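Asks: please work out how this folds:
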Amino acid sequence: MSMRGVFFVLFLLIACSCPTEAWQVGGELGGVYGTAGIDHGLSLTAEKKWSFLTVQAGWEGEWVNLSPGLTHSLNWQVDLGPLVFSGNRAHHTSDDLFRLVHKNNFQVGSTALLFLSDGVQLGLLRRVPLKDLDHVDAWFCASTLELGPFSLQGMELQFSGYKEAGEAQVLQLQGEIENWRILAGLGWQTNSSGKESQAKVGEIQKKSGFLEGTASWQWIEPGFISPLAKTNKYTPDRQGWKLETTANFSKFQLSFNRRRHINVAGTKDYNQLSWLVGSLDKKVSVQWRLEPTEAFIISAKGEGVEAQFDCWNGTLRWDWQLRSGLSSLRWDLQRRIVRFEFKHEGKLDWRGIVKYDFLQYRHHYFLSANYKAKTTELILELGSYDRGNLMAGFNNPPSLSISWGWKF
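Replies: All right, here's what the predicted structure looks like:
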């Protein structure tokens, strides 16, 4: 977008802030300062509703001291009953079980024209990402036919870009009868070279009673993907079945999980096998897992205390709470790694992590302080958060960052 367009949007948002216009106007200003660099961001939004029409507009700008420097974009949406016209923002997620289209898969320059009703969904999409292969234009049509307790759904998708093109169709049947739920689906895809790939899925679920659980079967060929979504709903090149059952006794539950999945060529397996016995109140359980990794896990919960011990692998986790503070201790006996975490919630939220590797004589630390009010937020971070991964963070260089935000 040109600078003239940026100034026009800013003028529009400022003009919309006039109280006589009844626009809802807001924004957020924030920044990050740290060893990784400096980042500033500004977002502005405006919205107005009429009895038959809703208009939304927004502008987002970001400046970093490294490449690419200053970036900015305009996003907007117009809702006229079931008709939606939008640009540079989330658009639509299809209801098919393979999720061919996902609303969060868009980029700068993406637009969508949608007609969304209870029985029919139509859409024209422009410049949406096709994985990392291309940016494509697409159209889709989906409809639903109610058949008593069942519904029959169909989905047609076609897309074309500079390098890639293709089409996909889905037909699925689902419904519920008392405590039973049934789902079956077929999918076809054709790529730009004319090669067709198929997907077949079946699932039956019993929701309550002495014995409950889910049995499923799938056949997903290597070329079948969720094309206009960032991630695939079903992993390509995977076939097999899975059974999850739970028997509800008077004082405990017994659960069994078995998955037999392989690739279509039969050269790899993705199996699961485990049993679990637990109390009805979920406070005590024992899990024995043989696939994909072996484990024998004993878990117990009390008031403010939770403990878990894997006898097979020698790992211990113990969490306890004192007033507003939550502490966690993890100990891997085989790897000789100890991790301690403390969190405190109040006017100022604290989180601290310290861990040590006794075999390689290395350590990792992380400390954060977060002050959050109604419209402002200030965060100080020393070190890098390991996201709960016991092996992560040891080789990260020292880091410091201060981030802040203000909503108006």
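
Asks: go ahead and flag the most central residue of this protein.
Replies: Thr231 (9.2 Å; Cα atoms, centre = their mean).

Asks: which stretch of helix or strand covers it?
Replies: For Thr231, there is no host helix or strand (DSSP states H and E).

Asks: and it, what are its phi and psi?
Replies: phi -130, psi 160 (degrees, to the nearest 10).

Asks: next up, the contacts around Leu333.
Replies: Contacts for Leu333 (Cβ atoms under 8 Å, 6 or more residues apart in numbering) come out as Gly314, Thr315, Leu316. Yep, even glycine has a C-beta here, placed from its N, CA and C like the rest.

Asks: quick one: which of those residues is most hemmed in?
Replies: Within those, Thr315 tops the neighbour count with 19 neighbours, counted by other Cβ atoms under 10 Å.

Asks: who's the closest spatial neighbour of that one, skipping the chain neighbours?
Replies: Spatial nearest neighbour of Thr315, excluding adjacent residues (Cβ to Cβ, 6 or more residues apart in numbering): Asp332 at 5.1 Å.

Asks: against Asp386, how distant is that neighbour?
Replies: 13 Å (Cβ to Cβ, to the nearest Å).

Asks: cool, Gly123 as well?
Replies: Remark: distance between Gly123 and Asp386 (Cβ to Cβ) = 41 Å.

Asks: where in this structure is pLDDT low?
Replies: Applying pLDDT under 70 to the chain flags the ranges 1-21, 67.

Asks: other residues contacting the helix or strand hosting Ser299?
Replies: Assigned by DSSP H and E, Ser299 belongs to strand 295-302. Outside strand 295-302, the residues within contact range by Cβ under 8 Å, 6+ apart are 282-289, 306-313.

Asks: among those residues, which one lies nearest to Leu130?
Replies: Closest approach to Leu130 among those (Cβ to Cβ): Arg289, at 37.9 Å.

Asks: quick one: end-to-end length of stretch 391-408, please.
Replies: 41 Å (Cα to Cα, to the nearest Å).

Asks: list the buried ones in that stretch?
Replies: Gly393, Ser401, Ser403, Gly405 (16 or more other Cβ atoms under 10 Å).

Asks: now, these that are in strands?
Replies: Ser401, Ser403, Gly405 (DSSP state E).

Asks: can you tell me the closest non-neighbouring residue to the last one?
Replies: Pointing back at Gly405 there. Counting by Cβ to Cβ, 6+ apart, Gly30 is the residue found nearest to Gly405 once chain neighbours are left out, at 3.7 Å.

Asks: quick one: residues contacting that neighbour.
Replies: With Cβ under 8 Å, 6+ apart, Gly30 has these contacts: His40, Gly41, Ser403, Trp404, Gly405, Trp406.

Asks: which strand or helix spans it?
Replies: strand 24-34.

Asks: partner strands of that strand, with direction?
Replies: strand 37-49 (antiparallel), strand 400-407 (antiparallel) (DSSP bridges).

Asks: next, format the ones you listed as CSV and append distance to Ser197.
Replies: Formatted as CSV, the strands paired with strand 24-34 follow (distance: least, Cβ to Cβ, whole Å):
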stretch, distance to Ser197
strand 37-49, 40
strand 400-407, 44
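
Asks: so which of the ones you listed gets nearest Thr246?
Replies: Using Cβ to Cβ, the nearest of the strands paired with strand 24-34 to Thr246 is strand 400-407, at 44.2 Å.

Asks: what sits up against the closest one?
Replies: With Cβ under 8 Å, 6+ apart, strand 400-407 has contacts from 26-36, 375-382.

Asks: stretch 142-154 now?
Replies: 94-96, 118-122, 155-156, 169-177, 182.

Asks: try it again with 10 Å
Replies: 92, 94-97, 100-101, 116-123, 141, 155-157, 169-178, 180, 182, 185 (Cβ atoms under 10 Å, 6 or more residues apart in numbering).

Asks: I'd like to know which of the residues you listed are buried.
Replies: By the neighbour-count criterion of 16+ other Cβ under 10 Å, these include these buried positions: 92, 94-97, 100-101, 121-123, 155, 157, 169-170, 172-175, 185.

Asks: in strands only, show me the contacts of strand 295-302.
Replies: Val284, Ser285, Val286, Gln287, Trp288, Arg289, Glu306, Ala307, Gln308, Phe309, Asp310.

Asks: any chance of a ChimeraX selection covering the buried ones in those residues?
Replies: The ChimeraX command for the buried members of the ones in strands among the contacts of strand 295-302 (criterion: 16+ other Cβ under 10 Å) is given here:
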select :285,287,289,308,309,310
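
Asks: make JSON lines out of the ones in strands among the contacts of strand 295-302 and add distance to Gly58.
Replies: Supplementary listing: those in JSON lines, determined by distance: Cβ to Cβ, whole Å:
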{"residue": "Val284", "distance to Gly58": "50"}
{"residue": "Ser285", "distance to Gly58": "47"}
{"residue": "Val286", "distance to Gly58": "52"}
{"residue": "Gln287", "distance to Gly58": "47"}
{"residue": "Trp288", "distance to Gly58": "52"}
{"residue": "Arg289", "distance to Gly58": "47"}
{"residue": "Glu306", "distance to Gly58": "43"}
{"residue": "Ala307", "distance to Gly58": "48"}
{"residue": "Gln308", "distance to Gly58": "45"}
{"residue": "Phe309", "distance to Gly58": "50"}
{"residue": "Asp310", "distance to Gly58": "48"}
